[in-house]
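Participant: show me the folded form of this:
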Amino acid sequence: MSTDKPQTVSLQSVSDLIAPGAPLPFRVLDSYGRLLLAEGQRVMDLAQLKTLLERGASVIQVEADAVRQSRQAGQAGNSRAPSGRRLTWFDRWERHLWEIDDALREVNRGSAQTGQITAMLDQQWMLVSAQPDAALFTIQRQDERRFALYALTHARDAATVVQLTATVMGWPEAQTRSAVAAALTMNACTVELQARMAEQSEPPTKKQIEQLREHPMKSAAQLRAAGITDAAWLEAVEQHHEQTGGGGYPAELTSPSEMARLLRAADVYTAKISPRAIRAPLVSQVAARHLFQEEKGSAMAGALIKAVGVYPPGDIVKLASGEVAIVTQRAQGSKGTQVAVLLGANGKPVGGTARRDTSDKAFAIAGIYAERAALPRVLPEQVYGLLYADET
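Facilitator: Okay, the predicted model is just below:
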């Protein structure tokens with residue numbers, strides 16, 4: 001069997017086959033051949049297209065040729081016609097990923113402006129505030145292993161958990177925003193390193209370990225160079241790998257700041273539930289238990305678990321009814337955890353989207369569903385419909 005990589009062409013050369021906001025007719029890869037966007041995903045606007053081109057994005061030639069031939073034969077309509085569709089919350093959440101990419105790369109190059117970093121923070125804050133359960137759903141349902149984007153998804157996920165946990169702990173908004181900003185930027189200097197480590201099937205090399213030990217201070221230095229002056233934000237970035245009582249790095253502090261401790265907790269939790277080439281992701285309950293043990297049952301660990309939920313949105317669970325369902329909303333007020341049924345009690349897929357309130361004993365959560373890998377991919381729109389950022 002041939003192991004030759006498929007021939008690719010630059011994304012620029014097939015830009016005429018792409019319409020902003022319309023589903024992509026082919027996969028988009030980075031300069032290393034790693035998946036950036038799957039077929040059917042969207043390039044939202046010219047700014048995202050620019051970011052893709054800066055990454056050296058490419059398309060497999062045979063896929064591009066097939067699309068072009070189909071278009072020329074008049075089988076696919078006008079690919080350049082504007083979609084005219086309103087961007088959903090999930091569209092904007094995906095576009096935000098590329099805003100993070102652009103901002104962190106500018107920080108790493110030493111050309112970032114404070115306004116660009118602040119805009120990234122504002123977008124994160126707005127989107128999570130608007131649809132916190134949907135944000136948590138995307139953390140759990142990482143079905144597409146876009147390792148090239150690991151640093152970006154991890155920053156977005158950790159920032160989401162930080163924002164929700166700080167809210168549970170009752171932090172003032174200004175303090176919470178500083179913590180979210182720190183989570184988004186704590187790994188600014190390791191965007192490519194994290195991508196490589198997520199896809200490699202062997203343990204980190206000595207050089208990679210050295211880079212990891214240096215990155216808290218280096219990222220903070222890059223942020224200062226970009227004009228960031230928030231002392232709590234910068235301190236949290238510098239200390240987010242320190243541990244209470246010692247044993248962390250780079251300074252082996254024994255009493256890191258409270259904000260740094262929150263960053264570390266969110267960093268560890270989201271990393272454990274994210275897939276890597278070298279290992280499968282942990283289920284959220286196991287990751288939460290590990291964190292609780294590592295934190296010695298601290299109030300912060302308890303707040304994080306309360307914030308994301310014992311069964312977070314995106315988790316697959318077994319109900320007392322025998323049905324298998326996916327969690328869509330955390331318990332709130334008199335309502336229990338809300339779920340959407342995937343398999344009936346007979347083990348067969350159900351038609352439509354049957355909803356269950358698990359506060360009803362007949363539909364109480366009996367535990368996690370162990371055979372989730374056998375289930376087909378669940379698109380968020382299947383269970384949430386068309387969400388918008390200005391709707392709550």
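
Participant: now do the strands in the stretch 201-350 of the chain.
Facilitator: If you assign secondary structure with DSSP state E, counting those that start in this stretch, the strands in the stretch 201-350 of the chain sit at 316-319, 324-329, 338-343.

Participant: what's the most buried one of the ones you listed?
Facilitator: For those, ranked by mean neighbour count under the definition mean count of other C-beta atoms under 10 Å, the leader is strand 324-329 at a mean of 24. Heads up, the C-betas are built off the backbone N, CA and C, glycines and all.

Participant: same for that strand, what does it pack against?
Facilitator: If contacts are counted by 3 or more C-beta pairs under 8 Å, 6 or more residues apart in numbering; DSSP states H and E, strand 324-329 sits against helix 132-140, strand 316-319, strand 338-343, helix 380-384.

Participant: if we use 7 Å, what do you get?
Facilitator: strand 316-319, strand 338-343, helix 380-384 (3 or more C-beta pairs under 7 Å, 6 or more residues apart in numbering; DSSP states H and E).

Participant: just put these in CSV and tack on distance to residue 168 and mean pLDDT.
Facilitator: Supplementary listing: the helices and strands packed on strand 324-329 in CSV, determined by distance: least, C-beta to C-beta, whole Å; pLDDT from 0 to 100:
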stretch, distance to residue 168, mean pLDDT
strand 316-319, 22, 96
strand 338-343, 19, 96
helix 380-384, 23, 88
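
Participant: got those as JSON lines, with distance to residue 14 columns?
Facilitator: As requested, the helices and strands packed on strand 324-329 are arranged in JSON lines below (distance: least, C-beta to C-beta, whole Å):
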{"stretch": "strand 316-319", "distance to residue 14": "37"}
{"stretch": "strand 338-343", "distance to residue 14": "36"}
{"stretch": "helix 380-384", "distance to residue 14": "27"}
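
Participant: residue 95 is nearest to which of these?
Facilitator: Residue 95 lies closest to helix 380-384 among the helices and strands packed on strand 324-329, at 14.8 Å (C-beta to C-beta).

Participant: quick check: buried residues in the closest one?
Facilitator: Within helix 380-384, the residues that qualify as buried are 380, 383-384, counting by 16 or more other C-beta atoms under 10 Å.

Participant: quick one: furthest residue from the center of this structure?
Facilitator: Seen from the C-alpha centroid of the chain, the residue lying at the greatest distance (C-alpha atoms, centre = their mean) is residue 73, 38.8 Å away.

Participant: give me the pLDDT for that one.
Facilitator: Here the pLDDT value assigned to residue 73 is 80.

Participant: please report how far it lies from residue 134.
Facilitator: Remark: distance between residue 73 and residue 134 (C-beta to C-beta, to the nearest Å) = 39 Å.

Participant: check residue 308 too.
Facilitator: Here the distance between residue 308 and residue 134 works out to 13 Å (C-beta to C-beta).

Participant: those two: who's more crowded?
Facilitator: Set side by side, residue 308 and residue 134 show more neighbours around residue 308, with 29 against 23, by other C-beta atoms under 10 Å.

Participant: so what's the more buried one up against?
Facilitator: Each residue near residue 308 by C-beta atoms under 7 Å, 6 or more residues apart in numbering is listed here: 136, 161, 164.

Participant: dump those residues to CSV, plus neighbour count, pLDDT and distance to residue 34.
Facilitator: Written out in CSV, the entries for the contacts of residue 308 read as follows (neighbours: other C-beta atoms under 10 Å; pLDDT from 0 to 100; distance: C-beta to C-beta, whole Å):
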residue, neighbour count, pLDDT, distance to residue 34
136, 27, 97, 26
161, 26, 98, 25
164, 26, 98, 30
